[in-house]
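>>> Output the structure for:
(chains A and B)
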Amino acid sequence: DSGVTQTPKHLITATGQRVTLRCSPRSGDLSVYWYQQSLDQGLQFLIHYYNGEERAKGNILERFSAQQFPDLHSELNLSSLELGDSALYFCASSSQVRATNEKLFFGSGTQLSVL
Amino acid sequence: AQSVAQPEDQVNVAEGNPLTVKCTYSVSGNPYLFWYVQYPNRGLQFLLKYITGDNLVKGSYGFEAEFNKSQTSFHLKKPSALVSDSALYFCAVRDGNNAGNKLTFGGGTRLMVKP
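Predicted coordinates for the structure are as follows:
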């Protein structure tokens, strides 16, 4: 068990809808990263938050947004969903902001299916 | 821009035989290299990392990886494969000279170990 909790594990919704994915990092970790894993794109970095502030953005669509709350949990909001948004969304955490040599701890992911 | 290539989608090996999973990288600064493993319905788990020092890095579950600067490679190896090693393996790189925190993953290699 990595200590990173993601909910829900599975989410089935329709095109055009909006969903929220939740992540609780390991106790004491201030950094939260979101990744999207799909068959055609592989594992893509979406966004990084450190102690409530956005620190880096990757291949995140404008329809997607995220935030990290004072209690350090993070939410990834996906709106106007399209079929192509179906993927496994991972959250990962680490203790530092730079973490260049530090390993990440991954949650088990949220499997999003857009029908 | 940094990138990682895992040239093999799948590697098949018999139990007890040595295994190699290949990875090459491209980064402008000093490479910080990682291997992660993903078991079915689980998040990624850290296996090992190379930051500096000895080119041969030892990690979890008997895995090791060899950093080769001239060939920009970081192949994952294990002397004797187990059926339980069957999983999806990801190589990842970060630029050690860059203040950004993006960890770039390769496309993954599925390792199948047959009894």
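>>> which bits of chain B sit near chain A?
Those residues of chain B that sit near chain A, judged by CB under 8 Å from any CB of the partner chain, are B:32, B:34, B:36, B:41-46, B:49, B:51, B:90, B:94-96, B:98-108. Every residue, glycine included, has its C-beta placed from N, CA and C.
>>> got any ranges where chain B has weak pLDDT?
Low-confidence segments of chain B (pLDDT under 70): B:97-101.
>>> who's in contact with the residue in it positioned nearest to chain A?
Chain B approaches chain A most closely through B:G43 (3.4 Å), counting by CB to the nearest CB. For B:G43, the contact set (CB atoms under 8 Å, 6 or more residues apart in numbering or on different chains) comprises A:2, A:4, A:90, A:92, A:106-109.
>>> From the residues of chain B next to chain A, list just the buried residues.
Buried members of the residues of chain B next to chain A, counted by 16 or more other CB atoms under 10 Å in any protein chain shown: B:32, B:34, B:36, B:42-46, B:49, B:51, B:90, B:94-96, B:98, B:101-108.
>>> returning to what we had before: out of the contacts of B:G43, who's near chain B?
Among those, the ones lying near chain B by CB under 8 Å from any CB are A:2, A:4, A:90, A:92, A:106-109.
>>> So for chain A, the centremost residue is which one?
Among the residues of chain A, the one closest to the centroid is A:W34, at 3.0 Å (CA atoms, centre = their mean).
>>> Please, which helix or strand holds that one?
Using DSSP states H and E, A:W34 maps to strand A:31-38.
>>> any idea how far the helix or strand containing A:A66 is from the chain center?
Per DSSP H and E, A:A66 falls inside strand A:64-68. Distance of strand A:64-68 from its chain centroid, counting by CA atoms, centre = their mean, to the nearest Å, is 8 Å.
>>> Wondering if that strand reaches chain B at all.
No. Against chain B, strand A:64-68 shows no contacts by CB under 8 Å from any CB, the least distance being 13.9 Å.
>>> Next secondary structure element downstream of that strand?
Downstream of strand A:64-68, the first helix or strand assigned by DSSP H and E is strand A:74-78.
>>> May I see the buried residues of that following strand?
A:74-76, A:78.
>>> That one near chain B anywhere?
No. Using CB under 8 Å from any CB, we find that strand A:74-78 stays clear of chain B, coming within 14.6 Å at best.
>>> Which strands and helices lie in contact with the helix or strand following that strand?
Reading on from strand A:74-78 to the C-terminus, the next helix or strand found by DSSP H and E is strand A:87-94. Counting contacts by 3 or more CB pairs under 8 Å, 6 or more residues apart in numbering or on different chains; DSSP states H and E, strand A:87-94 packs against strand A:5-7, strand A:19-24, strand A:31-38, strand A:74-78, strand A:105-106, strand A:110-114.
>>> got a markdown table for those, with mean pLDDT too?
Converted to a markdown table, the helices and strands packed on strand A:87-94 look like this (pLDDT from 0 to 100):
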| stretch | mean pLDDT |
| --- | --- |
| strand A:5-7 | 97 |
| strand A:19-24 | 98 |
| strand A:31-38 | 93 |
| strand A:74-78 | 98 |
| strand A:105-106 | 93 |
| strand A:110-114 | 97 |
